[in-house]
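J.: Any chance you could fold what I've pasted below:
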Amino acid sequence: MRRKVSVGIIAIILLAGLLSCATFTSTTYKSLFIAGTSYDTAMKSIASLQAQGKITAAQRAEINKYANIYYVSYQTAVDAFIFYEKNKNEATKQVVINAVATAISKWAEFAGYVNRIVPNTLPDKLEVK
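T.: Here you go, the predicted model:
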């Protein structure tokens, strides 16, 4: 329950950030860049943990399921942003905001699962701008 509240707060902060100071396009681009880079770094760390014997093949397979859910949500956010860039209006902007918030919540689930196996491997939240 506490994690869900934390994820909700993070999503609200992200949404506020997307709607404030910086331009929506710039903020979204930076957020998606961080989200994609975080995924790449996480998967390299997980591969390293497996090579070191700190996680088993079965654990890796389960981690990959969570990673895939996150990655699909990230790609959905990217696709929504591309669509927004071609069709700039409030409706498509809201779709982007929702998609990015969903990706962030999926990161929390992914990181939480990895951290249950090997504590402090991944940050609990994405530090998006």
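J.: What's the separation between I46 and K54?
T.: 10 Å (C-beta to C-beta, to the nearest Å). Quick note: C-beta positions are derived from backbone N, CA and C, even for glycine.
J.: Check K30 too.
T.: 32 Å.
J.: So for the strand or helix carrying T76, what gets flagged as buried?
T.: T76 belongs to helix 57-86 when assigned by DSSP states H and E. Across helix 57-86, burial judged by 16 or more other C-beta atoms under 10 Å covers 59, 63, 66-67, 70-71, 73-74, 76-78, 80-81, 84.
J.: So for I46 and K54, which sits in the more crowded spot?
T.: Taking other C-beta atoms under 10 Å, I46 and K54 do not tie; I46 has more neighbours (22 against 13).
J.: now what about stretch 31-39, what contacts it?
T.: Identification of contacts with stretch 31-39 by C-beta atoms under 8 Å, 6 or more residues apart in numbering yields 14, 18, 67, 70-71, 74, 77-78, 81, 100, 103-104, 107, 123, 126-129.
J.: Can I get it in PDB, CA atoms only?
T.: Taking Å, rounded to 0.1, in the frame of the first residue of the first chain, the C-alpha atoms of stretch 31-39 are listed here in PDB:
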ATOM      1  CA  SER A  31      11.800  12.300 -19.200                       C
ATOM      2  CA  LEU A  32      11.600   9.700 -21.900                       C
ATOM      3  CA  PHE A  33      15.400   9.900 -22.400                       C
ATOM      4  CA  ILE A  34      15.900   9.200 -18.700                       C
ATOM      5  CA  ALA A  35      13.400   6.400 -18.700                       C
ATOM      6  CA  GLY A  36      15.100   4.700 -21.700                       C
ATOM      7  CA  THR A  37      18.600   5.200 -20.400                       C
ATOM      8  CA  SER A  38      17.500   3.800 -17.000                       C
ATOM      9  CA  TYR A  39      16.100   0.700 -18.600                       C
END
